[in-house]
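[1] need the 3D shape of this:
(chains A and B)
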Amino acid sequence: MPASLRELRQRRKSVTATKKITRAMELIAASRVVKAQQAAQAGEPYITELIRAVSAVATYSHADHPLTAHPEGGEVRRVAMLLITSDRGMNGAYSSNAIKTAARLRQRLENEGKEVVRYIVGRKAIGYLKFRGLSVRKSWDGFSDAPTYAHAQEIADTLIADFLKPYEEGGVDEIWGVYTRMESMITQSPRARRLLPLEIVQGVHEPKPGEMLPLYEFEPDPETVLDELLPLYVRSRVWFYLLQSAASQLASQQRAMKSATDNAQQLIERLTREANQARQAEITQEISEIVGGAGALAEAAAQE
Amino acid sequence: MAEAVLYVDVVAADRRVWEGEAVSVIARTTEGDVGILPGHEPFLALLVPCAAEILTPDGLREIIAVDGGFLSVAENRVAILSQYGSLAREIGLASAEKELASAEKALNEGDVDAATQQHYHRASAQVKAARRAESLH
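    Residues are numbered from 1 along each chain as shown, chains lettered A, B, ... in the order given. Take a look at the predicted model:
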């Protein structure tokens, strides 16, 4: 039985309002994703060069620096995991994908006998973990869609400080990052990467073994250079993660809002059709009532 | 190696400041000024806030303000990394001097946290770079 005409019209009105909102959000995300993508691209040369420089020192200096080597014979007991999600919903599966990837990483690390401590960016993950009663060592929120270098610096400095602490005081032996990489406007994939200790081979950005001369000169000396270089490296890595995640978030928001708008449009069309049908049915009923009534009256008059 | 050139890349945290070919690069490291010519051995140095100078093959001089960071050389590729690098011709001398004065004032008033010092170093590098650029033209 179709709902009453008034109800149908009311529902259509509310869906129209929702559509306006999702449409506006889609447009906002579309305009901001371009900016976020540009920011992510502009930051890339710095990171590429930094990785090149860091791998040069790490590979050719043989410096035994806490940031490149595992402490005490390479045993890893505690691992820091940085998870980057969004502050708000309406992003499709963006946050839950990142959270799932993080959960898989944690599972893997715990199977290897490592303890995982969490560092969280974004209210979505904070809410998720709090609801499940899981511990979080430190969390940040409020800048998931427009991060600045200062945010990256703050997060990186916290991570480095914990990294340099001894295990007994709550220090960590490894740092992993989970972020969402912006492949294109249509594809964003969550990634888990180890930040520290350095992985010397890191894919396409790495110079091949034969590409660089093995005799590097350092000024003033390898240790000092590493001391300065590695915090910068971690900062720029975190910065890169934040930028990529922000761009991914906006792209995935745009897509989610587009399909929401499309769905609302379909719903509006269906409701309009149903409302028209209900109106027609009402009119038809009224006419047949009038005709029936008139017929009954005429019959009664004829019998008298 | 007579016709060899350096390929120089100057990058800041949020953008690429300058890239191109050069015949020499001069920058100030923690140990003093260093000049890089084509064929230089692999080299990695810490920079202090300074005005780095790049001489291009067509005889132009690019002055770049650097607030610390790194210089790395490998196989005729020079990379200068600095969180807030900028080209001297993009900086007005007057505005750079004003920045420097305000940073100096903050320092003199006993505000010696890392951010202020960073600001001071950046401003002083910019003033140096802008002065050098003016004296050239």
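[2] for the rest of this, base every contact and every neighbour count on C-alpha atoms.
    Will do.
[3] quick one: the strands in chain A?
    Ranges of strands in chain A, per DSSP state E, are A:78-84, A:115-121, A:138-140, A:174-182, A:188-196, A:217-219.
[4] of these, which is nearest residue A:44?
    Minimum separation from residue A:44 across these (CA to CA) falls at strand A:174-182, 12.6 Å.
[5] can you pull the poorly scored residue ranges out of the chain?
    No chain specified, so I'll use chain A. Judged by pLDDT under 70, chain A has its weakly predicted residues at A:1-3, A:58-74, A:199-215.
[6] my question was about chain B, not that one.
    Checking chain B against pLDDT under 70 turns up B:1-3, B:110-115, B:136-137.
[7] make CSV out of the strands of chain A and add distance to residue B:80 and mean neighbour count.
    What follows is the strands of chain A, written out as CSV (distance: least, CA to CA, whole Å; neighbours: other CA atoms under 10 Å in any protein chain shown):
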stretch, distance to residue B:80, mean neighbour count
strand A:78-84, 29, 26
strand A:115-121, 31, 21
strand A:138-140, 32, 16
strand A:174-182, 27, 24
strand A:188-196, 23, 19
strand A:217-219, 14, 19
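[8] just send those back as TSV, with distance to chain B too.
    What follows is these, written out as TSV (distance: least, CA to the nearest CA, whole Å):
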stretch	distance to chain B
strand A:78-84	20
strand A:115-121	21
strand A:138-140	21
strand A:174-182	17
strand A:188-196	18
strand A:217-219	5
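[9] okay, those in JSON lines with distance to residue A:276 next?
    Shown next, in JSON lines, are these (distance: least, CA to CA, whole Å):
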{"stretch": "strand A:78-84", "distance to residue A:276": "48"}
{"stretch": "strand A:115-121", "distance to residue A:276": "49"}
{"stretch": "strand A:138-140", "distance to residue A:276": "51"}
{"stretch": "strand A:174-182", "distance to residue A:276": "45"}
{"stretch": "strand A:188-196", "distance to residue A:276": "42"}
{"stretch": "strand A:217-219", "distance to residue A:276": "80"}
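[10] what's the offset of stretch A:133-150 from the middle of its chain?
    Averaging C-alpha coordinates over stretch A:133-150 and over its chain gives two centres that are 12 Å apart (CA atoms, centre = their mean, to the nearest Å).
[11] where along chain B do the strands fall?
    Using DSSP E, strands in chain B cover B:6-12, B:15-22, B:24-29, B:32-36, B:43-47, B:50-55, B:61-66, B:69-74, B:77-81, B:86-87.
[12] and the second one, C-alpha only, in CSV?
    Same thing as strand B:15-22. This file holds the C-alpha atoms of strand B:15-22, laid out as CSV (Å, rounded to 0.1, in the frame of the first residue of the first chain):
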residue,chain,number,x,y,z
ARG,B,15,58.5,23.3,-2.8
ARG,B,16,61.4,23.1,-5.2
VAL,B,17,63.1,26.5,-5.1
TRP,B,18,65.5,26.3,-8.0
GLU,B,19,66.8,23.6,-10.3
GLY,B,20,69.1,23.7,-13.3
GLU,B,21,72.7,23.4,-14.5
ALA,B,22,75.6,25.2,-12.9
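[13] name the helices or strands packed onto that strand?
    On a contact count with 3 or more CA pairs under 8 Å, 6 or more residues apart in numbering or on different chains; DSSP states H and E, strand B:15-22 meets helix A:44-60, strand B:6-12, strand B:86-87.
[14] one more pass at 7 Å, please.
    Other elements packing on strand B:15-22 under the criterion 3 or more CA pairs under 7 Å, 6 or more residues apart in numbering or on different chains; DSSP states H and E are strand B:6-12.
[15] partner strands of the strand it packs on, with direction?
    strand B:15-22 (antiparallel), strand B:77-81 (parallel) (DSSP bridges).
[16] and the longest helix for the chain?
    All of this refers to chain A. Using DSSP state H to define each element, chain A has its longest helix at helix A:222-303.
[17] can you look at chain B instead?
    Ranked by residue count under DSSP H, the longest helix found in chain B is helix B:114-136.
[18] packing partners for it?
    Using 3+ CA pairs under 7 Å, 6+ apart, helix B:114-136 sits against strand B:50-55, strand B:61-66, helix B:93-108.
[19] for chain A, which of these is the nearest?
    Smallest distance to chain A across the helices and strands packed on helix B:114-136 (CA to the nearest CA): 13.8 Å, for strand B:61-66.
[20] centre of the chain to that closest one, how far?
    The answer for strand B:61-66 is 5 Å, by CA atoms, centre = their mean.
[21] elements contacting that strand?
    Packing contacts for strand B:61-66, counted by 3+ CA pairs under 7 Å, 6+ apart, involve strand B:50-55, strand B:86-87, helix B:114-136.
[22] with distance to residue A:268 and mean neighbour count added, can I get these in CSV?
    Formatted as CSV, the helices and strands packed on strand B:61-66 follow (distance: least, CA to CA, whole Å; neighbours: other CA under 10 Å):
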stretch, distance to residue A:268, mean neighbour count
strand B:50-55, 63, 23
strand B:86-87, 54, 23
helix B:114-136, 55, 20
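[23] can I get those in JSON lines including distance to residue B:30?
    Shown next, in JSON lines, are those (distance: least, CA to CA, whole Å):
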{"stretch": "strand B:50-55", "distance to residue B:30": "10"}
{"stretch": "strand B:86-87", "distance to residue B:30": "20"}
{"stretch": "helix B:114-136", "distance to residue B:30": "14"}
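[24] point me to the residue of the stretch 51-200 of chain A nearest chain B.
    residue A:53 (6.7 Å).
[25] check contacts around that residue.
    Contacts for residue A:53 (CA atoms under 7 Å, 6 or more residues apart in numbering or on different chains) come out as residue B:72.
[26] fine by me, thanks again.
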